[in-house]
Structures are given as structure tokens and as C-alpha cells.
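Enquirer: predicted coordinates and the sequence they were generated for:
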Amino acid sequence: MIDNGLVVFREDHTEPPIRKSYLVRKMGRLSDEESIGKQVMGTYFYRSALQATNEVADLLGPRVFDYPKDREILMRLIGYMTSAQNNDIILDFFSGSATTAHAVMQLNAEDGGNRRYIMVQLPELCDEKSETFKAGYKNICEIGKERIKRANLKIWNDCFSSAALDLGMILLDKELEDEMGESAEKKMDNAESLDVGFRVFKLDSSNLKTWDAAPIDPQAGDVIGELANRMNAMIHRVKPDRSDLDMVFEVMLKLGVPLDFPVSEVSINGKTAYSVGEDCLLLVCLTPDIQPEDVEQMAEYAPAKAVISRDSFADDTAMANAWYILRDRGVDLKLV
């Protein structure tokens, strides 16, 4: 149609193009139904784009993100391909404003599903002169994170408000119980079981230092001194700017544990450790001054593996004792 001059684009590209459907019919290239269908679809997708833009504007402010995907269309597509009863994972490799995450959460809220999502987005920098940058978003990833947070809150509030409204109507008029009771209870169950939590990961180098194996030029200076500096730098292997949770997630990756497993902080004789998995699949401890009695307490959690930093043990004797204590309890010890 474009090649035949049957579509005219306007100067303002945000305006829908003019489709000369009457010429199509006159030239006999399409039937009336096909011509009208193309006209309607063009209008539909234009309205859809406006609706998507307005939704993002309502959540984040005007002109924060141009041309987002349409949540309702994505909900339809996801609904066609997934089931509320299955733990489907929806991957969007060009996340943008995280419309796909919003669609998955909204669909779960409506049908009680347990679908999950993975959003991937390069941290493309926002133009410093743009409204997006002025609103406080330095890159596209920050837009997506903020949208998920605000969509979470809105979906949560809407779910409980709708369920509470139905239950309130039933309390006011008992005759409505037969008509609305089952639906209201289902809405409340969906609201109470709705999981809108999410985690954000950023690709980075390992949290552990690596040995600098670059040759030392004898002509450049003190070879022995440089070698000593490199060895001293490896005494504490964890990089100083990394947190305990950074290490926990790296351990999970290296041991093949999915990143969506629950991680909870536990106290062992006043020292912090992390339980990974519903049934403590891993117990990770990076706290200093670990003594044999602390290891005994760790064994009480019956993890499949205990992961402890070499730097955490009070001394070499405590490290050796830890191995025997955990072996006798059937717990594998991994050192980092």
C-alpha cells in the first residue's frame, strides 16, 4: 500500500498515517472487509500506543519514556501462550520501561497465576537534556526498576480494593452473597497470594580478587617489594567494595542455584549468616571470628552445603575443626 501511494504519512510522525482505503476498493486490490480491517487495525494500534504512553506517564510522569510497549497487548499474548497453573517464565531481552513485567504481574493478579519474568536491559544513558534525565533517571534500567515498583504498589492496592469492595457489598446486602460470594473470595485469595517482589542484578566482575600474574620487569624497580605487595593483597580475597549479599549471589551462581531462590538472614551466636532456599539448601557465612561452637550451630540448620569464607575463621584450628564437625553431620563444607 505504501509503494502504491495508498498511505500518506503526516509531517508529525506521532499522528496516525492517512490510509486511502477508498482507493484500494476502487482499484479492486482488496475487498471492502479487508480494506476496513486494515483501517481499523491501524486505528487500534495507534490508540494502543497512546494508551501505553499515557499509562507510563501516569506512573512515572510525562515524557519519561517514549513509545513504550502496550501492556494490554502483552497481557493477551502472554495469556495465549501460558497457563495460570504453570510456573512459566517470560523473558524480555529488550525490557525498556519493563512493560512486560507489568503485564505479567497484572495477569497474575487477575487470574491467580504464578508466572515469573526476567527483564534484560543494557544501561543506556539518558540524554542529559531530556525530561527523563531531569526526572532523575540516569539510564533506561532505572526507568524499568521504578516502573516495576510503582506498578507493584498499584496492582496490590487495586487487588485488595476490588476484593474489599465486593465483600463490603455482600455485607450490606446478603442477597448478593450467592451471586458475588465466590468471586469476592477468589479475589481476596488472589490478592493475599500475589507475589510482586523482584530482584535486580547487574553484570559485574567477580567479588573475589584474582592473582596478578603479569611479569614484573626487573628494570622497573623493586621486584621483591612488588611481589610482596601482590601477595599481601591476596590475604583478604573479597574486594573491599562488595557486600555480603554480593558474595552470596556469586556463590549461588557458581554452585548452580537459581537466583530466584529465597535468601534470608539468620543469626548464629550473634553472627550473621544467610540461608538460601526454602529448606536451607545453602548456609553462607562471611562473618569474622568463626569458632567451632558457631559451626556446631550452623550444622543445626542441616544445610546441604555450608559456605564459609577462609577469612572468617578465628584461626587455622577453627577451620580444621569446622571440616570435621560438618563432615560428621553430613554437611559439605565449601571455602571461599
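Expert: Here it is on my side, so go on.

Enquirer: quick one: stretch 76-96 to chain centroid distance?
Expert: 14 Å (CA atoms, centre = their mean, to the nearest Å).

Enquirer: and it, what's buried?
Expert: 78, 79, 82, 88, 90, 92, 95, 96 (16 or more other CB atoms under 10 Å). In short, each C-beta sits where N, CA and C put it, glycine included.

Enquirer: thought the fourth one was touching residue 82?
Expert: Yes - Residue 88 is within contact range of residue 82, at 4.0 Å (criterion: CB atoms under 8 Å).

Enquirer: shared neighbours, the two?
Expert: residue 115 (CB atoms under 8 Å, 6 or more residues apart in numbering).

Enquirer: where exactly do the strands run in the stretch 151-300 of the chain?
Expert: Using DSSP state E, counting those that start in this stretch, the strands of the stretch 151-300 of the chain run over residues 263-268, 271-276, 282-285.

Enquirer: JSON lines please, covering the ones you listed and showing mean pLDDT, distance to residue 69 and mean neighbour count.
Expert: Below are the strands of the stretch 151-300 of the chain laid out as JSON lines (pLDDT from 0 to 100; distance: least, CB to CB, whole Å; neighbours: other CB atoms under 10 Å):
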{"stretch": "strand 263-268", "mean pLDDT": "93", "distance to residue 69": "31", "mean neighbour count": "14"}
{"stretch": "strand 271-276", "mean pLDDT": "94", "distance to residue 69": "34", "mean neighbour count": "21"}
{"stretch": "strand 282-285", "mean pLDDT": "94", "distance to residue 69": "37", "mean neighbour count": "24"}
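
Enquirer: need those strands in JSON lines with distance to residue 291, can you?
Expert: Formatted as JSON lines, the strands of the stretch 151-300 of the chain follow (distance: least, CB to CB, whole Å):
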{"stretch": "strand 263-268", "distance to residue 291": "10"}
{"stretch": "strand 271-276", "distance to residue 291": "9"}
{"stretch": "strand 282-285", "distance to residue 291": "12"}
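
Enquirer: those: which one's closest to residue 209?
Expert: Nearest of the strands of the stretch 151-300 of the chain to residue 209, taken as CB to CB: strand 282-285 at 18.6 Å.

Enquirer: excluding chain neighbours, what is closest to residue 264?
Expert: Leaving aside its sequence neighbours, residue 264 sits nearest to residue 275 (CB to CB, 6 or more residues apart in numbering; 5.1 Å).

Enquirer: my guess is that neighbour contacts residue 298, does it?
Expert: No - counting by CB under 8 Å, residue 275 does not reach residue 298; the two are 10.1 Å apart.

Enquirer: common neighbours of these two, please.
Expert: Joint contacts of residue 275 and residue 298 (CB under 8 Å, 6+ apart) are residue 283.

Enquirer: the helices in the protein, which residues?
Expert: 21-27, 32-60, 71-81, 99-111, 131-134, 140-172, 177-193, 223-233, 244-254, 292-299, 316-328 (DSSP state H).

Enquirer: give me whichever of the ones you listed is most buried.
Expert: Highest mean neighbour count of the helices of the chain: helix 99-111, a mean of 23 (counted as mean count of other CB atoms under 10 Å).

Enquirer: list the contacts of that helix.
Expert: Residues contacting helix 99-111 (CB under 8 Å, 6+ apart): 52, 68-72, 74-75, 78-79, 84, 90, 92, 95, 113-117, 119, 144, 147-148, 151-152, 155, 158-159, 190-191, 194-196, 198.

Enquirer: for the stretch 201-336 of the chain, which spans come out with low pLDDT?
Expert: 220, 233-235 (pLDDT under 70).
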